[in-house]
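Peer 1: Prediction below, plus the sequence it came from.
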Amino acid sequence: MVAAKHVRSLSCPDCGGLIELRGMQHTRTAVCVNCCSILDAASPSLKVLSKFDDKMRVVPLIPLGSRGRFEGAPFEAIGFQQRSIYVDGGTYSWTEYLLFNPYRGFRYLTMYNGHWNYVTPMQRLPQFKTVTGRRAVWLDGRDYRHFQHAQAATTFVMGEFPWAVRVGETANCDDYVCPPYILSSETSSGEVNWSHGVYMEGQAVYDAFGIQRQPPPKYGVFANQPSPYADKAKQSWRTFTLLLVVWAALFGWFTVFRMNKVVYEGSFRFNASELGEHSLVTPVFEVPGNRSNLEVELKTDLDNNWAYFNLALLKEDGSIGYDFGREVSYYHGYNSDGSWTEGDAKDSVVLPRVEPGKYYLRIEPEMDAEASRTAAAGMAMRYDVRVVRDVPQTWLMWLALPLLLIPPVRKSIQAGAFEGARWAESDYSSGSSDSGGSEDDD
């Protein structure tokens, strides 16, 4: 706690109101909360330096004299000011609370649109550099990117300050961010002061002071506000990497460890203009292994033509039969848009869970005379048949891969949108997409 013996009570020479000075010998100016007079604290009689219109009064959310714990030590709110910048015809104002501990010195709490920062004055300077072609500074192993330059003006003051405060004083300010941290420089009368801030939630600030009411809600994205999506996006990509390893292992199992054995191959010729039976049966072939799939592949020499195959896989003893059909068509040509193709001269079908045993294929091709009218080969074709046991079925695996990508891509989009909203408020709003990297261009 700040000891009571360090509090000096005086009367305002302008209105007679009680003024309590808590900053001891550090206090240079004090502002009477009753009449808004700015007083010279170094003068025994508290000489009035200036006065501002009471209509400008701003009520602080944290009453002056309130005590809170920060960095494990008690600090007392002894000063309050409102500052404003003017950008593109608009006025943007924030508030600052001056905190004091006789052993730790001064700290600040700043608040803009519900966003708080705990700020410590710096005794050393950061190193200037460039990052992705833009101004930046380096401190304690972190790159801080330049966010904004503006001229800030003091529009309201209350309490006591260790400098000669006055309404209307201005300073050139530059902010550099590395969320949740911010470095700020203020240049006034040729003097440059640096400070280091860390983002705080409003509830944490109120809890530190023991304030029971709810803090003001947050609006927008602040310069050094930590992204709630950045870590989630990184974790989501790490999870995706692990799942991708599992996916690759399963994919390998479904491909490498399949039998994928050719159990029959044959070549045939079909001519619809010839008389006689056009159906045929293949020699009997052995389907080995356990119950598994069986793929029947058809490869033709069709050229601008169409054919249909009536197929049946029949067990030698007649106990099992599979009837199915495949249409094969291939067309190509030229038009005003260039060359084009349609269909394919080959096709295949997979029969699931076929029992092992001895089988043969019955094949009955068909060709349409009208479809074959302009084909070079007419109503004739050559075709090959191949039967493969236990082929890899990976289409479900390929379907699952984009589904695995949905969570990390979604989180990355959210993180990108958050960063876009952050940098939209900066001097680099037109190039917010450049805000993400960290490569040093020096």
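Peer 2: Perfect, thanks for sending it.

Peer 1: From the chain's centroid, how far away is the longest helix that the chain contains?
Peer 2: Using DSSP state H, we find that the single longest helix of the chain is helix 395-423. Chain-centre distance of helix 395-423: 8 Å, with CA atoms, centre = their mean, to the nearest Å.

Peer 1: repeat for stretch 130-143
Peer 2: 22 Å.

Peer 1: what does stretch 140-153 give?
Peer 2: A distance of 23 Å separates the C-alpha centroid of stretch 140-153 from that of its chain, computed with CA atoms, centre = their mean.

Peer 1: One more: stretch 210-218?
Peer 2: 29 Å.

Peer 1: end-to-end on it?
Peer 2: Criterion CA to CA, to the nearest Å; first-to-last residue distance in stretch 210-218 is 20 Å.

Peer 1: what separates Ala164 from Glu191, distance-wise?
Peer 2: Using CB to CB, to the nearest Å, one obtains 12 Å as the distance from Ala164 to Glu191. Where you see a C-beta, it was placed from the backbone N, CA and C, and this is true even at glycine.

Peer 1: More neighbours: those two, which one.
Peer 2: Neighbour tally, Ala164 and Glu191, criterion other CB atoms under 10 Å: the higher count belongs to Ala164, 13 against 8.

Peer 1: Specify the local secondary structure of that one.
Peer 2: Following DSSP: H, G, I helix; E, B strand; the rest coil, the label given to Ala164 is coil.

Peer 1: Quickly note the distance from it to Ser273.
Peer 2: According to CB to CB, Ala164 stands 110 Å off from Ser273.

Peer 1: Same question for Asp384.
Peer 2: Applying CB to CB, the value for Asp384 to Ser273 is 21 Å.

Peer 1: wait, Leu401 sits on Trp247?
Peer 2: Yes. Look at Leu401 against Trp247 with CB atoms under 8 Å: they come within range, at 6.4 Å.

Peer 1: which of those two has more neighbours?
Peer 2: Under the criterion of other CB under 10 Å, the comparison of Leu401 against Trp247 puts Trp247 first, with 16 against 13.

Peer 1: looking at this, that one is in a helix?
Peer 2: Yes. Assessed by three-state DSSP, Trp247 belongs to a helix.

Peer 1: Run through the bridge partners of Ser292.
Peer 2: Val354 (DSSP bridges).

Peer 1: and it, what pLDDT?
Peer 2: The predicted local confidence for Ser292 comes out at a pLDDT of 91.

Peer 1: So what's the residue count around it?
Peer 2: When neighbours are counted by other CB under 10 Å, Ser292 registers 18.

Peer 1: can you pull the contacts of it?
Peer 2: If you count contacts by CB atoms under 8 Å, 6 or more residues apart in numbering, Ser292 has them with 259, 353-354, 389-390.

Peer 1: Recalculate using a threshold of 7 Å.
Peer 2: With contact set as CB atoms under 7 Å, 6 or more residues apart in numbering, Ser292 has these partners: 353-354, 389-390.

Peer 1: And the residues you listed, which two are furthest apart?
Peer 2: Distance extremes for the contacts of Ser292: the farthest pair is Arg353 and Arg389 at 12.2 Å, using CB to CB.

Peer 1: Could you check which of those two is surrounded by more residues?
Peer 2: Ranked by neighbour count (other CB under 10 Å), Arg353 and Arg389 place Arg389 first, with 22 against 9.

Peer 1: before we move on, back to that, can you tell me which of the contacts of Ser292 is nearest Cys173?
Peer 2: Proximity of the contacts of Ser292 to Cys173 (CB to CB) peaks at Asp390, which lies at 71.8 Å.

Peer 1: Using PDB, write out the CA atom coordinates for the helix or strand hosting Tyr330.
Peer 2: Following DSSP states H and E, the helix or strand that holds Tyr330 is strand 321-335. Coordinates of each C-alpha in strand 321-335 appear next as PDB, following Å, rounded to 0.1, in the frame of the first residue of the first chain:
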ATOM      1  CA  GLY A 321     -23.200 -65.000 -60.900                       C
ATOM      2  CA  TYR A 322     -22.700 -61.200 -61.300                       C
ATOM      3  CA  ASP A 323     -24.400 -59.400 -64.200                       C
ATOM      4  CA  PHE A 324     -23.300 -55.900 -65.100                       C
ATOM      5  CA  GLY A 325     -22.600 -53.700 -68.000                       C
ATOM      6  CA  ARG A 326     -20.300 -50.900 -69.100                       C
ATOM      7  CA  GLU A 327     -20.700 -48.200 -71.800                       C
ATOM      8  CA  VAL A 328     -17.500 -47.000 -73.600                       C
ATOM      9  CA  SER A 329     -17.400 -44.100 -75.900                       C
ATOM     10  CA  TYR A 330     -14.700 -41.800 -77.200                       C
ATOM     11  CA  TYR A 331     -15.200 -38.700 -79.500                       C
ATOM     12  CA  HIS A 332     -12.900 -35.900 -80.500                       C
ATOM     13  CA  GLY A 333     -12.700 -33.200 -83.100                       C
ATOM     14  CA  TYR A 334     -12.200 -29.500 -83.800                       C
ATOM     15  CA  ASN A 335     -14.500 -26.400 -83.700                       C
END
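
Peer 1: how big is the angle separating the very next helix or strand once past that strand from strand 321-335?
Peer 2: Moving toward the C-terminus from strand 321-335, the next helix or strand (DSSP H and E) is strand 338-344. For strand 338-344 and strand 321-335, the angle between their directions (axes from the mean of the first three to the mean of the last three CA atoms, to 10 degrees) works out to 180 degrees.

Peer 1: Show me where the stretch 101-250 of the chain has its strands.
Peer 2: Using DSSP state E, counting those that start in this stretch, the strands assigned to the stretch 101-250 of the chain run over residues 105-112, 115-121, 127-131, 134-139, 142-161, 170-178, 181-188, 191-200.

Peer 1: Can I get those strands in TSV including mean pLDDT and distance to Glu277?
Peer 2: Converted to TSV, the strands of the stretch 101-250 of the chain look like this (pLDDT from 0 to 100; distance: least, CB to CB, whole Å):
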stretch	mean pLDDT	distance to Glu277
strand 105-112	95	89
strand 115-121	97	86
strand 127-131	93	80
strand 134-139	94	81
strand 142-161	91	81
strand 170-178	95	83
strand 181-188	94	86
strand 191-200	95	85
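
Peer 1: what's the closest of these to Tyr97?
Peer 2: The closest approach between Tyr97 and any of the strands of the stretch 101-250 of the chain, judged by CB to CB, belongs to strand 105-112 at 4.2 Å.

Peer 1: Are there helices or strands packed against the closest one, and which ones?
Peer 2: strand 90-101, strand 115-121 (3 or more CB pairs under 7 Å, 6 or more residues apart in numbering; DSSP states H and E).
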